[in-house]
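Chemist: okay, predicted coordinates and the sequence, questions at the end:
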Amino acid sequence: GENVEQHPSTLSVQEGDSAVIKCTYSDSASNYFPWYKQELGKRPQLIIDIRSNVGEKKDQRIAVTLNKTAKHFSLHITETQPEDSAVYFCAASRPQTLGGSYIPTFGRGTSLIVHP
Amino acid sequence: ETGVTQTPRHLVMGMTNKKSLKCEQHLGHNAMYWYKQSAKKPLELMFVYSLEERVENNSVPSRFSPECPNSSHLFLHLHTLQPEDSALYLCASSQDGIKGLNYGYTFGSGTRLTVV
């Protein structure tokens, strides 16, 4: 099965700095890579995703890059703000026939702390 | 709310009790999921209902029993739980299988379960 490794487990930055979270995956057939943000006491929310036919995707201060050859993808947050403090989860999924649903494998999460 | 509503938000139950968690989605999605989130562990998939088929993680104990009466409602029936079952239980929905693409999840806010 798929195995997703996420690093670092904790990341502490100063406001205004950039933050990078990295994930590796094992299944070369994985083709969809979402990122979720979970603030303390709240639900995980999809913040950005990328498909395997694209190498990079940006949305304002966040971006995701994908290296299919190396099987790793990264989340980049620029000009970090205190409200970016949260746990971030990466995931990888492949087309599969489990009832027609595409079950992702999640990373263990990165706790990002942005100091004012 | 996000379109995925979970009740109750908090639940304290004894090991001999029977209770049910409820999830409802108003997004027209065709797949619903139960996840368990424990501290310092990855999100653990428990059950999937997709296109009216059920898929389950074989490691989930039989004291957890899902029910999906229609594509908008999902229940998790609990009985004779153990203290180690205390966790955040998250419901999610997605729209999968359309044109062979997979999409991200919309999570509910979760039920914080404490077993005493």
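Modeler: Looks like it came in fine.

Chemist: and residue 42, what is it in contact with?
Modeler: By default, I'm working from chain A. Taking CB atoms under 8 Å, 6 or more residues apart in numbering or on different chains, we find residue A:42 in contact with residue B:109. All C-beta spots, glycine's among them, are computed from the backbone N, C-alpha and C.

Chemist: to clarify, I was referring to chain B.
Modeler: Contacts of residue B:42 by CB under 8 Å, 6+ apart are A:106, A:107, A:108, A:109.

Chemist: surely the last one touches residue A:9?
Modeler: Yes: between residue A:109 and residue A:9 there is a contact at 7.4 Å, judged by CB atoms under 8 Å.

Chemist: of those two, who's got more company?
Modeler: Using other CB atoms under 10 Å in any protein chain shown as the criterion, residue A:109 and residue A:9 rank with residue A:109 on top: 23 against 13.

Chemist: tell me how far that one lies from residue A:51.
Modeler: 22 Å (CB to CB, to the nearest Å).

Chemist: low-confidence ranges, chain A, go.
Modeler: Within chain A, the stretches with pLDDT under 70 are A:95-102.

Chemist: ok, for residue B:60, nearest residue in space, not its chain neighbours?
Modeler: residue B:46 (5.0 Å; CB to CB, 6 or more residues apart in numbering or on different chains).

Chemist: what pairs with the helix or strand where the one you found lies, parallel or antiparallel?
Modeler: For residue B:46, the element it lies in under DSSP states H and E is strand B:44-50. Sheet pairing for strand B:44-50, assigned by DSSP bridges, gives strand B:31-37 (antiparallel), strand B:53-56 (antiparallel).

Chemist: now render those strands as TSV, adding mean neighbour count.
Modeler: Formatted as TSV, the strands paired with strand B:44-50 follow (neighbours: other CB atoms under 10 Å in any protein chain shown):
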stretch	mean neighbour count
strand B:31-37	24
strand B:53-56	14
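
Chemist: now render those strands as CSV, adding mean pLDDT.
Modeler: Listed next are those as CSV, based on pLDDT from 0 to 100:
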stretch, mean pLDDT
strand B:31-37, 93
strand B:53-56, 74
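
Chemist: chain B: helices as residue ranges?
Modeler: When assigned using DSSP state H, chain B turns out to have no helices.

Chemist: just give the nearest non-adjacent residue to the spatially most central residue of it, would you?
Modeler: For chain B, the residue sitting closest to the mean C-alpha position, by CA atoms, centre = their mean, is residue B:34 at 2.4 Å. Leaving aside its sequence neighbours, residue B:34 sits nearest to residue B:46 (CB to CB, 6+ apart; 4.2 Å).

Chemist: can you give me the neighbour number for the one you found?
Modeler: 19.

Chemist: what about it, distance to residue A:48?
Modeler: For residue B:46, the distance to residue A:48 (CB to CB) stands at 26 Å.

Chemist: give me phi/psi at residue A:84?
Modeler: Backbone torsions of residue A:84, given as degrees, to the nearest 10, read phi -80, psi -10.

Chemist: how about it: what's its closest non-neighbour residue?
Modeler: residue A:114 (5.1 Å).

Chemist: and whichever strand or helix holds the one you found, how far out from the chain's middle?
Modeler: For residue A:114, the element it lies in under DSSP H and E is strand A:110-115. Relative to its chain's centre, strand A:110-115 lies at 14 Å (CA atoms, centre = their mean, to the nearest Å).
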